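Chemist: sequence isn't available, so here's the structure alone:
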C-alpha cells in the first residue's frame with residue numbers, strides 16, 4: 001500500500017461545495033481506500049491504496065464525490081516526495097528575511113517544463129513571483145493571495161491543467177502528517 005494525498009479543489013470555500021470531512025472519509029473508505037485521514041476542512045485527504053497512478057486516483061475520487069455529494073470537485077493527487085520537493089526546490093526559501101505567509105504552492109495535474117513559466121506571463125503580475133518545478137508552481141505573493149489575479153483559475157486557463165493552491169503553512173503541516181505515518 002502506498003499513501004497518496006488528494007488535494008481537492010474548492011471545497012468548503014465561501015459556502016460552496018460543502019461537505020463534512022467525516023462523510024468524505026466514509027465515502028473514500030467505502031470505495032476501497034484505507035487509512036483515510038484529513039487535514040483542515042479544505043480538502044486535504046490522505047489515502048492508502050494499491051493503485052499507483054495519481055491521475056487514476058484523482059479521477060476515482062472526483063467521480064465518487066460527484067456521485068455522492070453532487071459536486072464537481074477536481075483532485076490533484078501527490079506523494080510524500082512531491083511535498084518534500086517543495087522544501088528542496090523552492091527558490092524562495094533561500095531568501096533572507098522571508099515571510100512564509102506570502103508563499104504558496106500550486107499543485108498541478110501534470111508535470112510542467114520550466115519553459116511553461118513563459119506561458120504564465122508572470123511579469124504582468126509583478127511584484128508577484130513564480131517558479132515551476134515539475135507538478136508544482138512556487139508562488140510568492142507580494143501583497144497577498146487575495147489581492148492578485150495570478151490565481152488557480154488563471155493558472156488553469158493558461159496551462160490547460162487542473163490546479164489547486166495551498167499556503168506554505170498547510171504544505172508544511174501536510175508533510176508533517178506524512179512523516180507521522
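Modeler: Now that the structure is in, tell me what you want to look at. No experiment lies behind these values; they were computed from the predicted model shown.
Chemist: mind listing what's buried in the longest helix along the chain?
Modeler: For the chain, the longest helix by residue count, based on DSSP state H, is helix 54-69. Buried residues in helix 54-69, counted by 16 or more other C-beta atoms under 10 Å: 54, 57-58, 60-62, 64-65, 68-69. The way it works is simple: take the backbone N, C-alpha and C, and place the C-beta from them, glycine included.
Chemist: for the chain, what spans make up the helices?
Modeler: Under DSSP H, the chain gives helices at 21-30, 54-69, 80-89, 116-120, 152-159, 168-179.
Chemist: give me the pLDDT for residue 31.
Modeler: pLDDT for residue 31: 97.
Chemist: got it, and residue 144?
Modeler: pLDDT, read off for residue 144, is 82.
Chemist: who's in contact with it?
Modeler: Listed by C-beta atoms under 8 Å, 6 or more residues apart in numbering, the contact partners of residue 144 are residue 102.
Chemist: same check, this time on residue 77
Modeler: 4-7, 54-55, 57-58, 61.
Chemist: what distance do you get for it to residue 61?
Modeler: To residue 61, residue 77 is 8 Å away according to C-beta to C-beta, to the nearest Å.
Chemist: now the lowest-mean-pLDDT helix or strand in the chain, how far from the chain's geometric center?
Modeler: Ranked by mean pLDDT, DSSP states H and E, the weakest helix or strand in the chain is helix 116-120, scoring a mean of 88. Relative to its chain's centre, helix 116-120 lies at 19 Å (C-alpha atoms, centre = their mean, to the nearest Å).
Chemist: same question, stretch 155-167
Modeler: 9 Å.
Chemist: now the angle from the longest helix of the chain to helix 80-89?
Modeler: Here helix 54-69 runs at an angle of 120 degrees relative to helix 80-89 (axes from the mean of the first three to the mean of the last three C-alpha atoms, to 10 degrees).
Chemist: what's next to helix 54-69, contact-wise?
Modeler: Residues outside helix 54-69 that contact it (C-beta under 8 Å, 6+ apart): 4, 6, 8, 17, 19, 23-24, 27-28, 31, 45, 47, 49, 51, 71-79, 109, 162.
Chemist: which PyMOL command selects the buried ones in the residues you listed?
Modeler: Command for PyMOL that selects the buried part of those, burial taken from 16+ other C-beta under 10 Å:
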select buried, resi 4+6+8+17+19+24+27+28+45+47+49+73+74+75+76+77+78+79+109+162
